[in-house]
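*Asks:* Quick one, what's the 3D model for this:
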Amino acid sequence: MNMKKIPGIIAAVLLLALAGTPAAAQEAFDGTQWPPPVNESEDDQFPGAEDGVPPATDTDEVPPAPEEDVPPAPEEDEGSDSDMNTSSSGNWTDKITFSGYVSSDISFIVEDWRGPTPGDGYRFDTNRNDVNFKLKIDPNDNVGIVTDMRFRFYGLYDGINLVDLSKRGPIDPWDFQLNEAYVQVKGKPWSKMDFKIGRVMETWGTADMFNPTDNLNARDFSDPLDFFAKVPNSMVIVNIYPTDWLTITAAWLPIFKPAMLPRSAKNAFALPRNSAGQVTGFPAMPMDTEDMMNNIDPSLGDVALDAVMEGMEGKEELMGALMNDAMALYGGGKINRSQLINLLNKYAQINEPEVSAWTPGFDISNSQAALKFQFNVDPVTFSLSYFYGRFQFPVAYWGLVDITSPGKIPEPTGKVTDTEEFVQDKFNVDVLAETYYPRMHVVGADFSYSSDNKWVPGFFAEAALIIPEQVKFGFRTYLDGKLLLESSNVNVPTTPFIKATVGADWSYKDWIYINVQYVRGFYDEFNDMYGIHNYFVPNVDLMFFDNELLIRLTAALNCDDVSFMLFPTITWTVVPAVELSVGYMGFFGPTQPKAPEELDLSNISEAVTAIIPAYASKSRFGQLASGRNVVFFKAKVSW
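*Replies:* You can find the predicted model right below:
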C-alpha cells in the first residue's frame, strides 16, 4: 500500500464514523519527488476539492428519548427537563467552569559570552505579563465546549523611530493566542464512543516531558523556561471504549504545524565571532568534508584561481596585497589559523547567513494521522501507537556560499543571492541555508507501573521506532555567479532508529519527590549527521511547611559530549493560588568545536573542518543555539 494514502484513508474513516453513512473511496495519490522542490505552485498548495476527501452525507437525526414525567421539586414548578434539553431554565452556573491565571515574569542574562556577539549580556531578557482564561461549558451530559486563550504583553520592545512613538504597538507589544477551542461529544453516535473536533492540545506517552510517541502537537519552545508548552493544532480525535480496560484513539490532523523555536535557535547558523567582532569561521553544516575533498575535481584550484584573477581585473593593487599577505602565512605546508582568520576579515565582507524553512503545502497528502490502543490492567497501563506525518523540527537541507569579487555585482541567476550590503574593496560573501521537515512513520509503545507500597517506586518507559524519509544535504559555492563547487551527501538515511525514555519516580509523604530518566534522543534529534545522543535527566522536589515552600533541582546531562544544563527553582505559595518563584537556567559546554591552531595544507579535509566545523562536533548544551544563562523571577495568581 502507498503509505502516503494513510492520512486520507484515516480522515475518511473518521468522517464516516462521525457521519454514520458511506462516503466515496479516497483516490490514490501520485508519488512525490524526494527531496521535494523548494517552491511549490499555488495549485499544489491549495488543491481543488476533487483532490480531497468527498464530504460525508448528513446524518439522520437521532430522535430524542421519550420524556418521562418527573414530579416537580418542592417550592419549584419548573416542569420536566430532559438531559438533552439545553434551553431549559436550569442553573447554568453548574454547567460552566471558568479558570485561568495572571502571571508576571522577568529574567536577567548573567553572562556575556553566549549571545550572538561576545560582550552581549548582563541585561534583561524578558519582562512579560500573561493573562489566561479557560472556559468550559457542559450544556448537557453529552456535550462539552472548551476554550483556552492567552494574552501576552512582552514589556521589552525593539528599536523604534520617531513615528513609532505615536503608536502603542511598537512601544507596548503584545499578542493573543488561542490555545484550545473544541467541541467534545460523548456517547454519540455510539454509547462507547466520544470525539473532539477543533483546536486541541493532546499528549500521548507515559514519560515525563521526553515523549517520543507524542507527535500530534509540536513543541513550543518560544519560552525556554517552559518545557511543557505545545503548539495548538486543529484535529479530529475519536475515542472508542469497547471494554473497561481498552481505549482506541484515532486522530487526523489536516494541517502540519512545525515546532516553535527559542530566539537563540538562530545562533545555530550564526557566524562565530571573536571579541573584536571578527568572523572566526562558518556555521557547522552536515557535510561529509572528507568525501567531498576525495571527489573534488583536481582542476578546481586552477579554475578558482582563474575566476579570482578575472574577478579582480582592474584591482591589481588589491590583488597584489592579497597575494603578498597570503604568501606570508604559508610556511612549511602549514598556516596559522589566527592569521588566516585575520586575512579572511581583511579581504572579505561575510554577511550573516539567511536561513529559510521549506514547509509542506496544504493538500490532504500532507495531513497527518495517528492510531493508539491503550490497555489499563491495574497497576499497569500500556499502549501501542502508530503515527504518520512529519518531524516537527527543521533538518538542514542545503547550503550555499555566494562570493562576489571586489567591485562587482553579479546578475541575478536564481542560484545566488542579491545582497543589499556590498563593500566595494572586499570579497562579499553571502551564506544561505534551507531546512526541511521530513516525513516519518512512528511505531510506538509505552507503559507505566505504580504500586500501593510507599517504598516501591513507579516505573515508566516509552519507545518509538522511527522510519524516516531520506534527506540529502546539497552544498554549492559560486564566484561572481559561476558555479565553483557542488557536492551532496545523505544527512538523514532511511535506516530506522529508536528514540526512548526509561525512568522511575518515588515520593515519601509530602516532602520529597524524585524522578530519574534516561533519554535516548533529544527533542530535535533525528538521526542526521549530528546523531542520536544519550541523556541523564534527574529531578528532585523538596517540600516544606505543608507544601508552602518547594525547592526543585532539575538537570540534564549529555552523556556523549558531557555538556549539561542546570535548572534550580524555589517556589513559595504565599497564600493558596498565589505563587512566587525564583530560579536559574544555565548551559555548560564549549560554545564552538575546538579547532587546531595550525592548519596542515596537506590534509585538506582537516583544514576545511577547522573553518567549517563537523556537524557532529557541536556541543548539545554548550552551543549558543541552546540559550542564555539567566536568573528569573515569576509571580502567578491562579483561579
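
*Asks:* Neighbours of the residue nearest to residue 508 when sequence neighbours are not counted, how many?
*Replies:* Of all residues not flanking residue 508 in the chain, residue 454 sits nearest, at 7.1 Å (C-beta to C-beta, 6 or more residues apart in numbering). C-beta coordinates here come from the backbone N, C-alpha and C atoms, glycine included. Neighbours of residue 454 under the rule other C-beta atoms under 10 Å: 10.

*Asks:* Just the element for residue 454, please.
*Replies:* For residue 454, there is no host helix or strand (DSSP states H and E).

*Asks:* ok, now how distant is the spatially closest residue to residue 366 that is not a sequence neighbour from residue 258?
*Replies:* Spatial nearest neighbour of residue 366, chain neighbours left out: residue 360 (4.1 Å); criterion: C-beta to C-beta, 6+ apart. Between residue 360 and residue 258 the computed distance is 10 Å (C-beta to C-beta, to the nearest Å).

*Asks:* intersection of neighbour lists for the two?
*Replies:* By C-beta atoms under 8 Å, 6 or more residues apart in numbering, residue 360 and residue 258 have these common neighbours: residue 437.

*Asks:* Neighbour count for those two, which is higher?
*Replies:* Remark: of residue 360 and residue 258, residue 360 carries more neighbours, 21 against 18, as counted by other C-beta under 10 Å.

*Asks:* wait, doesn't the more buried one sit right on residue 390?
*Replies:* Yes - using C-beta atoms under 8 Å, residue 360 makes contact with residue 390 at a distance of 6.7 Å.

*Asks:* Overlap of the contact sets of these two?
*Replies:* Common neighbours of residue 360 and residue 390 (criterion: C-beta under 8 Å, 6+ apart): 256, 366, 437.

*Asks:* ok, so of those residues, who is nearest residue 450?
*Replies:* Distance ranking of the shared contacts of residue 360 and residue 390 against residue 450, using C-beta to C-beta, places residue 256 first at 35.4 Å.

*Asks:* Per-residue pLDDT of the closest one, please?
*Replies:* pLDDT, residue 256: 97.

*Asks:* just residue 162 next, same as before
*Replies:* So, for residue 162, pLDDT stands at 86.

*Asks:* tell me the phi and psi of it?
*Replies:* When quoted as degrees, to the nearest 10, the phi and psi of residue 162 stand at phi -60, psi -40.

*Asks:* What of residue 217?
*Replies:* Main-chain dihedrals, residue 217, degrees, to the nearest 10: phi -110, psi 130.

*Asks:* bridging residues for the closest residue to it other than its chain neighbours?
*Replies:* Spatially, and ignoring its direct neighbours in sequence, residue 217 is nearest to residue 230 (4.1 Å; C-beta to C-beta, 6+ apart). Applying DSSP bridges to residue 230 gives these bridge partners: residue 219.

*Asks:* quick one: residue 230 and residue 204 touch, right?
*Replies:* No - taking contacts as C-beta under 8 Å, residue 230 lies outside contact range of residue 204: 11.6 Å.

*Asks:* What ranges does the chain have for its helices?
*Replies:* For the chain, helices defined by DSSP state H occupy the ranges 6-19, 42-45, 168-171, 289-294, 300-311, 316-329, 337-347, 604-611.

*Asks:* Can I get the fourth one in CSV, CA atoms only?
*Replies:* Spelled out, that is helix 289-294. What follows is helix 289-294, C-alpha atoms only, in CSV (Å, rounded to 0.1, in the frame of the first residue of the first chain):
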residue,chain,number,x,y,z
THR,A,289,34.0,17.1,4.0
GLU,A,290,36.4,14.1,3.6
ASP,A,291,34.1,12.6,1.0
MET,A,292,33.7,16.0,-0.7
MET,A,293,37.5,16.5,-0.9
ASN,A,294,38.1,13.0,-2.2
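
*Asks:* and residue 184, what does it touch?
*Replies:* Counting by C-beta under 8 Å, 6+ apart, residue 184 touches 143-146, 194-196.

*Asks:* Now with 10 Å, please.
*Replies:* Residue 184 makes contact with 136, 138, 142-146, 194-198, 200, 237, 239 under the criterion C-beta atoms under 10 Å, 6 or more residues apart in numbering.

*Asks:* what's the closest non-adjacent residue to residue 345?
*Replies:* residue 278 (4.5 Å).

*Asks:* One more: residue 244?
*Replies:* Distance criterion C-beta to C-beta, 6+ apart; nearest residue to residue 244, sequence neighbours excluded, is residue 376 at 7.6 Å.

*Asks:* With residue 121 as the reference, measure out to that neighbour.
*Replies:* 50 Å.

*Asks:* Which one's more surrounded, those two?
*Replies:* Shown here are residue 376 and residue 121; by other C-beta under 10 Å, residue 121 has more neighbours (18 against 14).

*Asks:* What's the biggest strand in the protein, counting residues?
*Replies:* strand 124-140 (DSSP state E).

*Asks:* Point out the other elements, helices or strands, that that one touches.
*Replies:* strand 96-109, strand 143-153, strand 174-186, strand 630-638 (3 or more C-beta pairs under 10 Å, 6 or more residues apart in numbering; DSSP states H and E).

*Asks:* what's the closest of these to residue 487?
*Replies:* Shortest distance between residue 487 and these, using C-beta to C-beta, is found for strand 96-109: 38.9 Å.

*Asks:* Any buried residues in stretch 271-278, and which?
*Replies:* Going by neighbour count (16 or more other C-beta atoms under 10 Å), the buried part of stretch 271-278 is 271-273, 278.

*Asks:* now, which of those residues sits nearest residue 511?
*Replies:* Nearest to residue 511 among the buried residues of stretch 271-278 is residue 272, at 46.5 Å by C-beta to C-beta.

*Asks:* Return the per-residue confidence for the closest one.
*Replies:* pLDDT for residue 272: 87.

*Asks:* Output the below-cut-off pLDDT ranges for the stretch 151-300 of the chain.
*Replies:* Low-confidence segments of the stretch 151-300 of the chain, defined by pLDDT under 70: 298-300.

*Asks:* ditto for the stretch 501-639 of the chain
*Replies:* 601-607.

*Asks:* all strands for it, in order.
*Replies:* Along the stretch 501-639 of the chain, counting by DSSP state E, counting those that start in this stretch, strands occupy 512-520, 534-544, 549-558, 564-575, 578-588, 598-600, 630-638.

*Asks:* No further questions, thank you.
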